[in-house]
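1. Build me a model:
(chains A and B)
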Amino acid sequence: GQQLNQSPQSMFIQEGEDVSMNCTSSSIFNTWLWYKQDPGEGPVLLIALYKAGELTSNGRLTAQFGITRKDSFLNISASIPSDVGIYFCAGLAGNMLTFGGGTRLMVKP
Amino acid sequence: NAGVTQTPKFRVLKTGQSMTLLCAQDMNHEYMYWYRQDPGMGLRLIHYSVGEGTTAKGEVPDGYNVSRLKKQNFLLGLESAAPSQTSVYFCASGQVQYQPQHFGDGTRLSIL
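-> Reported below is the predicted structural model:
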């Protein structure tokens, strides 16, 4: 089946830093979705991308649909403590939505 | 607004027992989904529904059954629980097919 590789698996952030993460696959997708999950809660849909090359923002979050349609990127600008959590990408091809394994954002001690 | 509500939040079962997980949404969404989430893995789709009275298999349907008798409710059943079904189960709903928008807070299920 299709697989999505999210990178990095985890990272530490310091308040004010910009954060970048990506999602790659060997398969082509028609839609990319980005979610955030806080501990003990369900995922929350952050951004949806429908077209290759598309760049979409939601506040301090910006996501891009890769031009090859095999990848997607999420950037968080000027991170704040409440940005910690797990970020999941998901790619849709046909009627199959595949989730990546997640990128865990943590605060630097 | 309640959004998507799942009950129960926690449950411990013995192998071979049966149970039903309940999901209710108050947003009049056509599409509803059941996922399971295991450590270090993304969500995997168990079953989904494209409308009242219709259900379809997802990626990992074996050992589970579902019903959508009313538009707002989507039930997930385990007929004979197995330890491999220990997981966190999430229900979701949405307005666009195959794109879950709103998730419940999950049901943590342990099978001994």
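
2. who in chain A is up against chain B?
-> Selection of chain A residues close to chain B by C-beta under 8 Å from any C-beta of the partner chain yields A:1, A:4, A:31, A:33, A:40-45, A:48, A:88, A:90, A:92, A:95-102. To be clear about C-beta, it is placed using only N, CA and C from the backbone, and glycine gets the same treatment.

3. From these, keep the buried residues only.
-> Members of the residues of chain A next to chain B that pass the buried threshold by neighbour count (16 or more other C-beta atoms under 10 Å in any protein chain shown) are listed as A:4, A:31, A:33, A:42-43, A:45, A:48, A:88, A:90, A:92, A:97-102.

4. now the strands: where do they sit in the chain?
-> In the absence of a named chain, chain A is used. Using DSSP state E, the strands assigned to chain A run over residues A:5-7, A:10-13, A:19-24, A:31-37, A:44-49, A:55-58, A:61-65, A:71-76, A:85-93, A:96-99, A:103-107.

5. you looked at the wrong chain, it should be chain B
-> With DSSP E as the criterion, chain B has strands at B:4-7, B:10-13, B:19-25, B:31-37, B:43-51, B:54-57, B:64-67, B:75-78, B:87-94, B:102-103, B:107-111.

6. want to throw those into CSV with mean neighbour count, distance to residue A:21 and mean pLDDT?
-> Shown next, in CSV, are those (neighbours: other C-beta atoms under 10 Å in any protein chain shown; distance: least, C-beta to C-beta, whole Å; pLDDT from 0 to 100):
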stretch, mean neighbour count, distance to residue A:21, mean pLDDT
strand B:4-7, 18, 26, 96
strand B:10-13, 14, 31, 96
strand B:19-25, 19, 30, 97
strand B:31-37, 25, 19, 97
strand B:43-51, 21, 17, 96
strand B:54-57, 14, 31, 95
strand B:64-67, 18, 32, 97
strand B:75-78, 19, 31, 97
strand B:87-94, 24, 22, 97
strand B:102-103, 22, 20, 96
strand B:107-111, 18, 27, 97
